[in-house]
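> Sequence first, then the predicted structure, then my questions.
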Amino acid sequence: MSQKNQTLGEFIIENQSSFKYTSGELSRLINSIRLAAKVVNHEVNKAGLVDIIGAAGDTNIQGEDQQKLDVYANEKFIQTLTNRNIVCGIASEEEDDFISINSQDENNNNKYVVLIDPLDGSSNIDVNVSVGTIFSVYRRVTPVGTPVTLEDFLQKGNQQVAAGYVVYGTSTMLVYTTGAGVNGFTLNPAIGTFYLSHPDMQFPENGKIYSVNEGNYIHFPQGIKNYIKYCQMEEGDRPYTSRYIGSLVSDFHRNMIKGGIYLYPKSSKNSNGKLRLLYECNPMAFLAEQANGKASDGFTRILDIEPTELHQRVPFICGSKNMVEKAEEFMRLAE
């Protein structure tokens, strides 16, 4: 039985049988993400001491300025997953297109594709605010042994076999699920080992925190404006506390532990929302549901949305179940 202070390696081995595909390939994949996370963590913690902070001078496919750490983290995760020969394809928020990994082994039977946001919230790195990595894992749908296609990546979130994030904060944590609950592991930097510190993580059904960039209030749909006013109203256990870091991983992590809701709705500036369905919303929605939470675009379950493109954006509301349902109620009433 899993217990606190168990190493991540021990936990993976002990719980491998509870995963419906028990080839060991997924376990090796999680171990590879663990390794890359430790490398990126080491670099994040040197920010300011070496020339790794600031803009890299390029933009990514979304037209956003790339930070030097974006580029570094992207390279390290792709390099680690590719070199260990355990996935057949990778899609990254920082890349224009997916990467097909053709093993030199002609009997290559790798079954998994990984979608990743290598460094979420990287614009905060210059001011020493927590950032993170988000990852999502699917079984390919095209024949094993053939090059991956776009079809392998454009799967609904309800087809995910694993998802998680790494938060590089006051301590570094890896939090993930394979569909049997959510567990968090904290890195002991002295020996470079992740230990189970947060077993069976759960969103409280109700919370007292709402996380939204209120600077965009004027651009939000009426339903979201009404919900924000509801959060601020003095009645019952309200007003709620406003807490917004601007790093999805950090806001999600806090809300899962303390209870709360995260909102990044569509707006007059971003008519489809701003967060990416495949790299951010689907993995966080899978984690939320596995932790007794809920994730929605305001009307539809995130995990049921049919992806149509690799860098698709959607509105995102996620967190404590009762809070998300109340926000959805305000959205419906405003229609």
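Looks like it came in fine.
> Make sure Y176 is indeed in a strand.
Yes - Y176 forms part of a strand when assessed by DSSP: H, G, I helix; E, B strand; the rest coil.
> Dihedrals phi and psi, the closest residue to it other than its chain neighbours?
Counting by CB to CB, 6 or more residues apart in numbering, Y176 lies nearest to G164, which is 2.8 Å off, once chain neighbours are set aside. For the C-beta atoms, the positions are set from N, CA and C on the backbone; glycine is no exception. Note on G164: its backbone torsions stand at phi -180, psi -180 [degrees, to the nearest 10].
> how far away is G164 from D237?
Distance, G164 to D237, by CB to CB, to the nearest Å: 31 Å.
> Just want to know which of the two has more residues nearby.
Using other CB atoms under 10 Å as the criterion, G164 and D237 rank with G164 on top: 25 against 8.
> list the contacts for that one?
Applying CB atoms under 8 Å, 6 or more residues apart in numbering to G164 gives the contacts I33, I134, F135, L174, V175, Y176, T177, P283, L287.
> Would you list the phi and psi of Y168?
Torsion angles, degrees, to the nearest 10, at Y168: phi -100, psi 90.
> How many residues are close by the residue nearest to it when sequence neighbours are not counted?
Nearest-residue entry for Y168: V44, 4.6 Å, with adjacent residues in sequence omitted and distances by CB to CB, 6+ apart. Around V44 there are 26 other residues, counting by other CB under 10 Å.
> Against L187, how distant is V44?
Taken as CB to CB, the span from V44 to L187 is 12 Å.
> Check S247 too.
Counting by CB to CB - S247 and L187 are separated by 18 Å.
> which residue is nearest the centroid of the chain?
Closest to where the C-alpha atoms of the chain average out (CA atoms, centre = their mean) is I134, at 3.4 Å.
> Tell me the bridge partners for that residue.
Beta-bridge partners recorded for I134 (DSSP bridges): D117, Y165.
> Does it touch C281 like I think?
No - assessed by CB atoms under 8 Å, I134 is found out of contact with C281, at 9.6 Å.
> any idea how far E95 is from G259?
The value you get for G259 to E95, if CB to CB is used, is 36 Å.
> Take the contacts of G164 and lay them out in TSV including distance to K294.
Output for the contacts of G164, formatted as TSV (distance: CB to CB, whole Å):
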residue	distance to K294
I33	26
I134	18
F135	21
L174	23
V175	17
Y176	19
T177	15
P283	15
L287	11
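> Can you add pLDDT and distance to R332 and give the residues you listed back as CSV?
Output for these, formatted as CSV (pLDDT from 0 to 100; distance: CB to CB, whole Å):
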residue, pLDDT, distance to R332
I33, 93, 38
I134, 97, 29
F135, 97, 33
L174, 97, 37
V175, 98, 31
Y176, 96, 33
T177, 95, 29
P283, 98, 26
L287, 98, 25
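> give the contact list for the nearest residue to I209 once chain neighbours are set aside.
Closest residue to I209 apart from its sequence neighbours, by CB to CB, 6+ apart: G260 at 3.1 Å. Counting by CB under 8 Å, 6+ apart, G260 touches G207, K208, I209, Y210, S211, Y240, R243, R254, G319, S320, M323.
> And for E75?
Residues near E75 by CB under 8 Å, 6+ apart: none.
> Check which helices and strands the helix ranked longest in the chain is in contact with.
Of all segments of type helix in the chain, defined using DSSP state H, the longest is helix 25-44. Packing partners of helix 25-44 (3 or more CB pairs under 8 Å, 6 or more residues apart in numbering; DSSP states H and E): helix 8-15, helix 68-83, strand 112-120, strand 131-139, strand 162-168, strand 172-177.
> And the average pLDDT for the fifth one is what?
Regarding strand 162-168, the rounded mean pLDDT is 95.
> what does the second one give?
On average, the pLDDT along helix 68-83 is 89.
> what's the helix or strand following that helix packed up against?
With elements assigned by DSSP states H and E, the helix or strand that comes after helix 68-83 is strand 89-92. Applying 3+ CB pairs under 8 Å, 6+ apart, one finds that strand 89-92 makes contact with helix 68-83, strand 99-100, strand 112-120, helix 150-153.
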